[in-house]
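Visitor: Can you look at this prediction? I've put the sequence above it.
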Amino acid sequence: MQRAAGARAGPGALPTARHGGVRWGPLVPIVPALLVVLVLFVYPFAYGLALSVHPIGSLAKGGMLANYAAFFGTPWERASIWNTLRLAVPVSALDLAMALPLAYRLRRPLPGQRVITALLVIPMTLGTVLLAEGMIEFFGPAGWANKVLLALHLVRMPVQFVHNYTGVFISLAIADFPAVFLVLLGYASGLDPRVEQAARTLGAGRWARLRRVTLPLLAPGIAAAAALSFVATFSVFPSAVLVGEPAGSTRVIALAAWQAAYEQFDYPRASAIAMVMAAIELVFVALVLAVRNRAYRGPTIGGRG
Amino acid sequence: MSAKPATAPAPSAPASARRIGRLEVRGLTKRFANVVALSNFDLDVQSGEFISLLGPSGCGKSTALNCLAGLVEPDAGRILLDGEDLARVPPERRGFGVVFQSYALFPHMTVARNVAFGLEMMGVRSEVVAERMRQALALVHLEDLGDRYPAQLSGGQQQRVALARALVIEPRLLLMDEPLSNLDAKLRLEMRLEIRRLHQRLGLTTFYVTHDQEEALSLSDRIGLMKDGVLRQVGTPEQVYLHPETAFVANFFGYRNVFRVRVGAVTDGRAAVTAPGGLRLAGTARGGVHEGAEAVAAVRPEDVEVGPPGGADRGIPAAVEFAEFVGDAFECSVTADAGVVFVVRTPSRWTQGARVILRVDPSRLLVFPPE
Amino acid sequence: MSAVARAARARTAEGSSWWVYAAVAVFALLVLGIFLSAFLNSIASSWFGGWLPDGYTTRWYRFALAEFDLGYVLWVTVVVGVSVTILSLILGVPAAYVLARHAFPGRSPLLLLLVMPMLVPPITYGIPLAAMLYAAHLGGSLAGVIIVNIVPALPFVVLIMTPFFEQIDPNLERAARTLGAGPVQVFRRVLLPIALPGMLAAGLLILVRAIALFELTFLVSGARSQTLVVALYYTAFAAGIRPAQAIDAMAVVYMITGLVVLLAALRFINPVNMVIRVRR
């Protein structure tokens, strides 16, 4: 009753408006966090952007966009975008496809629930480097994976799993899975089972319930998981170096940026590559959100929303 | 009792009131975004008085209470307690006790800690805290539950803790915001008696907000009726029940038959009105009803008499739509031939479709100016 | 199929969940295989071609301890992880409280700004940020490493704590105010104790992430401020100079550090609550 119309901060929002204006006093606690983000994130980002349009060295005469022109004009550099996308997109898709049914089923208790979630979440602690080291042993020519395949006569020669695209793919898929699963689990457990029961009493079969009720309600979660997963897989490069082929098919864009900065000490060019990364990333997030908004844009939890 | 210092409470009334003098609320106004939640709210409250604010959801009654508590800062207006303006004093320095609809018990503290909280904030010595806490819990019959956590209590018990927590600080004014609406019907009745008993015993000036007319009628010394942020009428329960000043107040107190009418002649407070469909009725005019103007007529279901057709008396010919048994009587929906639908209360069951004649006592049909 | 049979099947549809166990088993076996490969190699005196190592030893751990200065690296990791966690909680919790409790113009853009560092790859702002820190003579220092790690940690606190504060009944704060508590006392006596589980959850998650975060630390750390992941990357990158078993030994130490923290986290919090839901 005392809640103001138009207060959107949530069910507990305290009205802050007074005289049609705003009392800024209670908002002061947000200032330190805001300053940190401005100084350590927004400013460096802007600085990088400014740096990227001031080329140095041989590119100095090429005008403001010389760094960008050089990046897109060199097939070897340009290829890093493709190298990254063909890892990040399928890995995110695969992890979503695997995590979604699991999260959906685990939203309600199952015997061994805690152990199952722990098993699915633990790879978070492995870290890309341990994963890479272990994979070099496990998937190596004399590793257990090949031993099993040979013993089962599924292959005649050891398969090369590492130091190529496959190695990076497997490594990213495992490292990224726990986060995707956790996000989806959070949304799935917010689903009100009565909504699906209602759909059932209205004659909706399994498929219809999934397509018309469950998936639309989970759309915000799927979008969040997809965006986070893409950010993670898009920017990680240790695995591309350690279990990939960093001089070839897995020379990802993050590696290109790092090499420009720390091997050639060309910060402006590195910044330009970083800006390209940010642009691609934001385009992808925007796409995901656009698709989500076409599906459904409300709370996953019914009732109070 | 009012002469005694607050630190030496009478044994019979452990959380005895520091009697306030006069509370005067003047021109309290509060606007949220584009909604006027409270408009020019004026109210005088006497020491020891139990006053209720009654109205539908969103009428501004909770905003009024929150302004009094200091939880919402009014845009304009004054809250004078013995002449001292409290409108800009922060809630922690007002010394008012507040009972919330959601109880708002601190979930991480035991019942005892909850009750002691206010005393600790006041810097009361710990032996005194323990004693006053014990007395407050005894007052609400929860002596044995001091070590429990709120989550381990029933709704009614939680409400009692909330009461004890507000009372223990010996508030100058007790504010209650829909305290019973989260309870089931039986508990609600029980707690209503409890609140009544505590008020009689402690004599605390109490400001009570509710949307339940029965609660307001049974508890209050005076009732204020609110709608759209405006206080429409203030009076004793008898006054507001028997002599509503507006159609809104009438409707709130059981005048369930309300319809728009056009006023014919007005003589000696008696008004002849025409309802939709040309139905002519005689009623009692309230202030501001003029000949030829639009008006609102209202009558209670029990004030419409239902009889069989025929007889010399000219009544309103009508047909029974349906009848519901409501315990001590039947409530029938009856459609006059002119088209107006009446809800009537009758001692006997009328069968569906039965032809009847309705008679309305002109002294019971109130005619109000339109709002 | 008869309607009855179909109904019977529909009823049991949700019940059959063998595939959950199967999927989890495959995933867990894969991860376990990878971990065990690294682990067994780290305690193998040598391992040529067989299913299991030829013999066992602890010398690789002793070697790693001495050669890689593992003790110091672990200490750096702990200092960085704990400092980042505490600092981002101190910065993020008040911000989350304001976002949860107040409706004000510009709230949504502000929330987006605070969450933004999660949505762009760390490299993009990390390279200029590193340049900035080197210019401020903080590059390569422990302080520099802590500062950069706060950037991705802060959004996490905001994302976890904002919904947490939203679900606390605002009347609790109001009740405390009417009982004589000032704003500071309300925060200390009422909000903080209630928010503690949420802060613990957020803190442990940030600790896990701060230990695992690679790129930003990699960009600013110097020889004396490497965390475990970065040190590990350098040794693994320079593989061939040092025995692979010693690198594995270090990786196992890293894994166990992270695992301890994660198990602690799972002990205290239901993973469902670790979730991030963005309100719009």
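Guide: Great, that's in hand.
Visitor: how about the helices in the stretch 151-300 of chain A?
Guide: Counting by DSSP state H, counting those that start in this stretch, the stretch 151-300 of chain A has helices at residues A:165-189, A:193-201, A:206-209, A:215-235, A:238-242, A:253-262, A:267-295.
Visitor: Buried ones in the fifth one, by neighbour count?
Guide: Of the residues in helix A:238-242, A:P238, A:S239, A:A240, A:V241, A:L242 count as buried by neighbour count, 16 or more other CB atoms under 10 Å in any protein chain shown. Quick note: C-beta positions are derived from backbone N, CA and C, even for glycine.
Visitor: so how far is that helix off the chain centroid?
Guide: 17 Å (CA atoms, centre = their mean, to the nearest Å).
Visitor: part of a helix, is B:L38?
Guide: No - B:L38 sits outside any helix when classified using DSSP: H, G, I helix; E, B strand; the rest coil, being strand.
Visitor: before we move on, the earlier item: dump the helices of the stretch 151-300 of chain A to JSON lines, plus distance to B:S154 and mean pLDDT.
Guide: Below are the helices of the stretch 151-300 of chain A laid out as JSON lines (distance: least, CB to CB, whole Å; pLDDT from 0 to 100):
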{"stretch": "helix A:165-189", "distance to B:S154": "28", "mean pLDDT": "89"}
{"stretch": "helix A:193-201", "distance to B:S154": "25", "mean pLDDT": "80"}
{"stretch": "helix A:206-209", "distance to B:S154": "38", "mean pLDDT": "81"}
{"stretch": "helix A:215-235", "distance to B:S154": "34", "mean pLDDT": "87"}
{"stretch": "helix A:238-242", "distance to B:S154": "56", "mean pLDDT": "86"}
{"stretch": "helix A:253-262", "distance to B:S154": "58", "mean pLDDT": "89"}
{"stretch": "helix A:267-295", "distance to B:S154": "43", "mean pLDDT": "87"}
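Visitor: how about these in JSON lines, adding distance to B:A265?
Guide: Putting those into JSON lines (distance: least, CB to CB, whole Å) gives the following:
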{"stretch": "helix A:165-189", "distance to B:A265": "69"}
{"stretch": "helix A:193-201", "distance to B:A265": "58"}
{"stretch": "helix A:206-209", "distance to B:A265": "67"}
{"stretch": "helix A:215-235", "distance to B:A265": "63"}
{"stretch": "helix A:238-242", "distance to B:A265": "94"}
{"stretch": "helix A:253-262", "distance to B:A265": "90"}
{"stretch": "helix A:267-295", "distance to B:A265": "64"}
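Visitor: now, among the buried residues of helix A:238-242, which is nearest to C:A95?
Guide: Using CB to CB, A:P238 comes nearest to C:A95 of the buried residues of helix A:238-242, at 31.4 Å.
Visitor: Distance check, that closest one against A:L131.
Guide: Computed as CB to CB, to the nearest Å, the A:P238 to A:L131 distance reads 9 Å.
Visitor: before we move on, what about B:E371?
Guide: Distance from B:E371 to A:L131, by CB to CB: 73 Å.
Visitor: And those two? Which one has more around it.
Guide: A:L131 (27 against 10; other CB atoms under 10 Å in any protein chain shown).
Visitor: Columns distance to chain C on top of the helices of the stretch 151-300 of chain A, output as a markdown table?
Guide: As requested, the helices of the stretch 151-300 of chain A are arranged in a markdown table below (distance: least, CB to the nearest CB, whole Å):
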| stretch | distance to chain C |
| --- | --- |
| helix A:165-189 | 2 |
| helix A:193-201 | 8 |
| helix A:206-209 | 6 |
| helix A:215-235 | 3 |
| helix A:238-242 | 5 |
| helix A:253-262 | 5 |
| helix A:267-295 | 4 |
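Visitor: between the ones you listed, which gets nearest to A:N67?
Guide: helix A:267-295 (3.5 Å).
Visitor: For B:V261, give the beta-bridge partners.
Guide: B:A295 (DSSP bridges).
Visitor: thought it was touching B:V296?
Guide: Yes - at 7.0 Å, B:V261 and B:V296 qualify as touching, with contact defined as CB atoms under 8 Å.
Visitor: Compare the two (neighbour count), which wins?
Guide: Each of B:V261 and B:V296 has its neighbours counted (other CB under 10 Å); B:V261 has more, 27 against 23.
Visitor: Pull the number of nearby residues for residue 261.
Guide: Since you didn't name a chain, this refers to chain A. So A:A261, with other CB under 10 Å, has 24 neighbours.
Visitor: try chain C instead
Guide: C:V261 has 21 nearby residues by other CB under 10 Å.
Visitor: which SS class is it?
Guide: helix.
Visitor: Name the nearest of the buried residues of helix A:238-242 relative to C:M116.
Guide: For these, the nearest to C:M116 is A:P238 (23.9 Å; CB to CB).
Visitor: what's the closest one in contact with, if anything?
Guide: A:T128, A:V129, A:A132, C:F214, C:Y233 (CB atoms under 8 Å, 6 or more residues apart in numbering or on different chains).
Visitor: who does the longest helix along chain B touch, helix- and strand-wise?
Guide: Using DSSP state H to assign secondary structure, the helix with the most residues in chain B is helix B:185-202. Judged by 3 or more CB pairs under 8 Å, 6 or more residues apart in numbering or on different chains; DSSP states H and E, helix B:185-202 is in contact with helix B:155-167, helix B:213-219.
Visitor: Touching the helix or strand following the longest one from outside, list them.
Guide: Helices and strands here follow DSSP states H and E; after helix B:155-167, the next one along the chain is strand B:174-177. By CB under 8 Å, 6+ apart, the list of residues contacting strand B:174-177 from outside reads B:62, B:65-66, B:68-69, B:96-101, B:166-167, B:195, B:204-209, C:178.
Visitor: mind listing which of those residues are in strands?
Guide: B:G97, B:V98, B:V99, B:T206, B:F207, B:Y208, B:V209 (DSSP state E).
Visitor: Tell me the one among the residues you listed nearest to chain A.
Guide: B:V209 (8.9 Å; CB to the nearest CB).
Visitor: Please report the distance of the residue nearest to the spatial centre of chain B from B:K61.
Guide: In chain B, the centroid-proximal residue (CA atoms, centre = their mean) is B:L54; its distance is 3.1 Å. Distance of B:L54 to B:K61, computed by CB to CB: 7 Å.
Visitor: do C:F35 as well
Guide: Here the distance between C:F35 and B:K61 works out to 63 Å (CB to CB).
Visitor: Tell me which of those two has more neighbours.
Guide: Set C:F35 next to B:K61 and count neighbours by other CB under 10 Å: B:K61 wins out with 31 against 22.
Visitor: Test my guess that that one contacts B:I51.
Guide: No - applying CB under 8 Å, one finds B:K61 not in contact with B:I51, separated by 11.4 Å.
Visitor: before we move on, back to that, farthest-apart pair in the ones in strands among the contacts of strand B:174-177, please.
Guide: The most widely separated members of the ones in strands among the contacts of strand B:174-177 are B:G97 and B:V209, with 14.0 Å between them, by CB to CB.
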